[in-house]
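Undergrad: Coordinates for the following, if possible.
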Amino acid sequence: MNDYTTTSTSSTISTLATSINNAHGISVLRTSSNSNGINPGDTLRISYSGSASIDFYVQYGSETGISSSCPNICNVFNSANPTCVFTACEGLSSNNWFIVIHSEVDQTGTISVRRSQSPSSSISPITLNGVNSIVNFDALSANQWRYHQLNVPSSSHGYFELKITGGASYNDLVYVGEASSDSIYWPNFIFDPRNANNEFTIFSDGSVGNICGGDTIDFIGANCCYDQDTSVFAIAADQNGISGYSLEILFIEYAASASPTSISFPSVTTRTTNNGQIAWYSFNLPANTHFWFELRVTEGAADIYLNKGSLAGSSASSDDFGACWSNDGIFHSEVCPGGVQAGNFCDGFIAASCYDCLANNQGSIYYFGIIPANDGTASYSLTIISQQFAGTLNTGVNNNLLFPSTGSQTIKIIDDDLATTDYSVYSHFRWNFDQSAFDVPQFIPNTDDPQVFDDFTFPHITFMISNVVQLGTSTSAMNGVDFFINVGGLAGISDCYGG
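TA: Okay, the predicted model is just below:
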């Protein structure tokens with residue numbers, strides 16, 4: 001067994017008896033101990049040719065016999081030409097092979113051994129580096145295979161898949177693991193197991209099976225967030241071979257940048273985003289703080305989403321590059337439904353006490369996700385302005401109040417909605433008065449005062465609003481502003497306000 005053959009020709013091995021010429025009964029033979037190691041991938045064929053039918057038993061490394069208690073790795077009954085074929089998935093060390101022949105009649109016969117090398121000499125994978133590049137490979141002859149290994153970097157905002165074109169497909173792919181050491185000989189046995197005609201695979205411990213390993217799969221790829229992929233697989237041909245084929249790692253980058261752009265109050269951020277890639281913006285919102293935003297699109301179209309504590313996206317509600325990330329469930333559907341087209345804008349006043357996403361805010365990080373529509377390009381500006389929960393009013397005169405209220409911020413809120421519209425702009429103020437109006441002496445009328453007909457019509461507390469003008473002018477704006485008063489909560493008639 002020192003000489004390999006590339007075709008199925010015979011070579012003999014040394015045994016205690018090379019031919020059989022015994023009376024009927026049992027003949028036990030064993031190979032010489034120094035010449036029967038088998039390399040991984042090799043195929044060993046042990047056969048008998050005799051003048052009459054026999055029962056045939058083969059065992060590696062230990063004795064066997066006709067008793068059911070005797071171990072064997074192959075047996076053939078009532079055949080004049082029995083054959084056992086073993087394909088080595090792993091290397092087998094030098095050891096004895098035991099062969100038992102049980103004949104019911106006198107006969108003569110010959111035992112032969114054939115050993116052939118694997119049709120593919122290497123199981124070392126070819127590494128596919130880079131993405132979006134087609135790599136071509138030569139054809140494979142009958143029963144040959146070729147190993148490949150991916151080297152796809154990890155990502156938290158992308159998609160990749162292995163594309164197979166040409167003479168091969170996923171029907172010819174055998175997945176074996178994630179390291180080059182996982183490669184096996186004869187991966188194509190997964191398509192044609194050795195479970196007929198007394199053919200077996202054999203492993204280094206002498207155990208037998210019908211395949212060497214591997215799995216059939218119909219896809220290699222990952223979406224959204226994944227670790228580095230170093231998958232090892234074989235393209236394996238059957239007896240008909242495979243013509244030339246090509247492999248490509250198709251990669252799609254979902255994010256315009258790997259990390260969100262940090263923005264602050266007040267600010268205006270302009271950007272152009274291409275190829276439908278999502279752009280993220282993060283901002284810290286102090287507790288009990290309202291904010292106003294505006295998305296103004298100048299080219300293309302875009303959708304905007306909001307989320308608290310993690311990146312915002314479309315949450316698979318649409319087929320776009322933001323589908324991997326969730327959102328608050330309200331912002332895109334109610335505040336900016338349907339996205340924003342070129343030449344238009346979407347804005348809104350997000351009140352801390354009314355909007356669920358802000359209701360339990362303790363100074364959290366919030367995220368906008370802006371996605372160009374239809375995998376296209378969008379140019380836009382994003383404006384954010386904060387507003388304190390409520391400005392403080394003192395008893396007496398309070399001058400220079402701003403509507404909308406933006407404090408000292410240089411960028412101003414644009415109020416373009418009616419007071420009755422949800423997410424419309426309000427300026428909130430608060431006056432604290434901790435005693436009953438009836439306890440204020442100068443507000444209590446004398447008994448039977450002819451000027452007072454009912455205690456509850458007496459002006460115990462009076463709010464006077466005056467001198468409402470357009471900012472920077474003396475032009476009256478009294479008719480353009482609605483005023484609301486509430487006790488114990490913010491005042492208004494939209495969202496969750498009262499009074």
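Undergrad: And this structure, what are its domain boundaries?
TA: The record assigns the chain these domain ranges, following automatic domain parsing: 19-116, 126-186+213-253, 261-388.
Undergrad: Let me have these in JSON lines, adding mean neighbour count, mean pLDDT and distance to Val481 as columns.
TA: C-beta here means a position set from N, CA and C on the backbone, and glycine is covered the same way. Rendered in JSON lines, the data for the domains of the chain read as follows (neighbours: other CB atoms under 10 Å; pLDDT from 0 to 100; distance: least, CB to CB, whole Å):
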{"stretch": "domain 19-116", "mean neighbour count": "17", "mean pLDDT": "81", "distance to Val481": "84"}
{"stretch": "domain 126-186+213-253", "mean neighbour count": "17", "mean pLDDT": "96", "distance to Val481": "45"}
{"stretch": "domain 261-388", "mean neighbour count": "19", "mean pLDDT": "92", "distance to Val481": "15"}
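Undergrad: Now do the contacts for the closest residue to Ala359 other than its chain neighbours.
TA: Of all residues not flanking Ala359 in the chain, Ser353 sits nearest, at 6.8 Å (CB to CB, 6 or more residues apart in numbering). Listed by CB atoms under 8 Å, 6 or more residues apart in numbering, the contact set of Ser353 reads 288, 359, 389, 489-490, 496.
Undergrad: can we see that at 10 Å?
TA: Residues in contact with Ser353 (CB atoms under 10 Å, 6 or more residues apart in numbering) are 288, 290, 359, 389-390, 428, 489-490, 495-497.
Undergrad: next one: Ser310
TA: 325-327, 365-367.
Undergrad: Among these, which lie within strands?
TA: 365-367 (DSSP state E).
Undergrad: Of those residues, just say which sits nearest to Glu248.
TA: Tyr367 (33.4 Å; CB to CB).
Undergrad: Double-check that closest one against Trp280; I have them as touching.
TA: Yes. In this structure, Tyr367 is within contact of Trp280 by CB atoms under 10 Å, at 5.8 Å.
Undergrad: what sits in contact with each of the two?
TA: Common neighbours of Tyr367 and Trp280 (CB under 10 Å, 6+ apart) are 260, 305, 307, 311-313, 325.
Undergrad: Could you check how far stretch 37-45 is from the centre of its chain?
TA: In terms of CA atoms, centre = their mean, to the nearest Å, the gap separating the centre of stretch 37-45 from the centre of its chain is 42 Å.
Undergrad: Stretch 475-490 too?
TA: Relative to its chain's centre, stretch 475-490 lies at 51 Å (CA atoms, centre = their mean).
Undergrad: Now do the buried residues in that stretch.
TA: Using 16 or more other CB atoms under 10 Å as the test for burial, stretch 475-490 gives Leu490.
Undergrad: any idea of the mean pLDDT in that stretch?
TA: Mean pLDDT, computed over stretch 475-490, is 88.
Undergrad: CA atoms of it as PDB?
TA: What follows is stretch 475-490 as a C-alpha-only set of coordinates in PDB (Å, rounded to 0.1, in the frame of the first residue of the first chain):
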ATOM      1  CA  THR A 475     -47.000  96.900  15.000                       C
ATOM      2  CA  SER A 476     -49.700  95.300  17.100                       C
ATOM      3  CA  ALA A 477     -49.900  91.500  17.000                       C
ATOM      4  CA  MET A 478     -52.700  91.000  19.500                       C
ATOM      5  CA  ASN A 479     -55.000  89.400  17.000                       C
ATOM      6  CA  GLY A 480     -52.300  86.900  16.000                       C
ATOM      7  CA  VAL A 481     -51.900  85.400  19.400                       C
ATOM      8  CA  ASP A 482     -54.200  83.200  21.500                       C
ATOM      9  CA  PHE A 483     -53.900  83.200  25.300                       C
ATOM     10  CA  PHE A 484     -54.900  80.300  27.700                       C
ATOM     11  CA  ILE A 485     -54.900  80.000  31.400                       C
ATOM     12  CA  ASN A 486     -54.900  76.800  33.400                       C
ATOM     13  CA  VAL A 487     -54.400  75.800  37.100                       C
ATOM     14  CA  GLY A 488     -52.000  72.900  38.000                       C
ATOM     15  CA  GLY A 489     -50.800  72.200  34.500                       C
ATOM     16  CA  LEU A 490     -49.800  73.700  31.200                       C
END
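Undergrad: For that stretch, which outside residues touch it?
TA: 290, 351-354, 389-390, 403, 415, 418-420, 426-431, 463, 465-471, 491-494, 496-499.
Undergrad: Give me the PyMOL select line for those residues, limited to the buried ones.
TA: To isolate the buried ones among the contacts of stretch 475-490 in PyMOL, judged by 16+ other CB under 10 Å, type:
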select buried, resi 290+351+352+353+354+390+403+415+419+426+427+428+429+491+492+494+497
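Undergrad: picking up where we left off before, from the contacts of Ser353, which ones fall inside strands?
TA: Going by DSSP E, the strands hold His290 from these.
Undergrad: Name the nearest of the contacts of Ser353 relative to Pro40.
TA: Using CB to CB, those come closest to Pro40 at Ala359, 65.3 Å.
Undergrad: Nearest residue to Gly369 in space, please, no chain neighbours.
TA: Leaving out its chain neighbours, the residue that sits closest to Gly369 by CB to CB, 6+ apart is Ala312, at 3.6 Å.
Undergrad: quick one: the one you found and Tyr281 touch, right?
TA: Yes. Counting by CB under 10 Å, Ala312 touches Tyr281, with 8.9 Å between them.
Undergrad: so what sits against both of those two?
TA: 260, 304, 366-370.
Undergrad: ok so, going back, can I get the domains of the chain in TSV including distance to Ser476?
TA: As requested, these are arranged in TSV below (distance: least, CB to CB, whole Å):
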stretch	distance to Ser476
domain 19-116	93
domain 126-186+213-253	53
domain 261-388	24
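Undergrad: who wins for proximity to Gly206 among these?
TA: Closest to Gly206 of those is domain 19-116 (CB to CB; 4.4 Å).
Undergrad: you'd agree Asn188 is in a helix?
TA: Yes. Assessed by DSSP: H, G, I helix; E, B strand; the rest coil, Asn188 belongs to a helix.
Undergrad: distance of the closest residue to it other than its chain neighbours from Asn327?
TA: Nearest residue to Asn188, sequence neighbours excluded (CB to CB, 6+ apart): Ala236, at 3.5 Å. Separation of Ala236 from Asn327 (CB to CB, to the nearest Å) stands at 45 Å.
Undergrad: ok so, going back, from the shared contacts of Tyr367 and Trp280, which is closest to Phe86?
TA: Trp325 (53.9 Å).
Undergrad: which among the ones in strands among the contacts of Ser310 gets closest to Asn198?
TA: Tyr367 (64.8 Å).
Undergrad: bridging residues for that closest one?
TA: In this entry, Tyr367 is beta-bridged to Ser282, Asn307, by DSSP bridges.
Undergrad: Tell me which residues touch it, please.
TA: So Tyr367 contacts 260, 280-283, 305-313, 325, 327 (CB under 10 Å, 6+ apart).
Undergrad: could you redo the last one with a cut-off of 8 Å?
TA: Going by CB under 8 Å, 6+ apart, the list of residues near Tyr367 reads 260, 280-282, 306-308, 310-312.
Undergrad: Tell me how far Ser259 lies from Ala279.
TA: From Ser259 to Ala279 the distance is 11 Å (CB to CB).
Undergrad: same question but for Ile414, I mixed them up
TA: Applying CB to CB to Ile414 and Ala279 gives a distance of 23 Å.
Undergrad: likewise Trp431?
TA: Distance from Trp431 to Ala279, by CB to CB: 42 Å.
Undergrad: give me every residue that touches the residue most central in space within the chain.
TA: Nearest residue to the geometric centre of the chain (CA atoms, centre = their mean): Asn223, 3.3 Å. Neighbouring residues of Asn223 by CB under 8 Å, 6+ apart: 159, 324.
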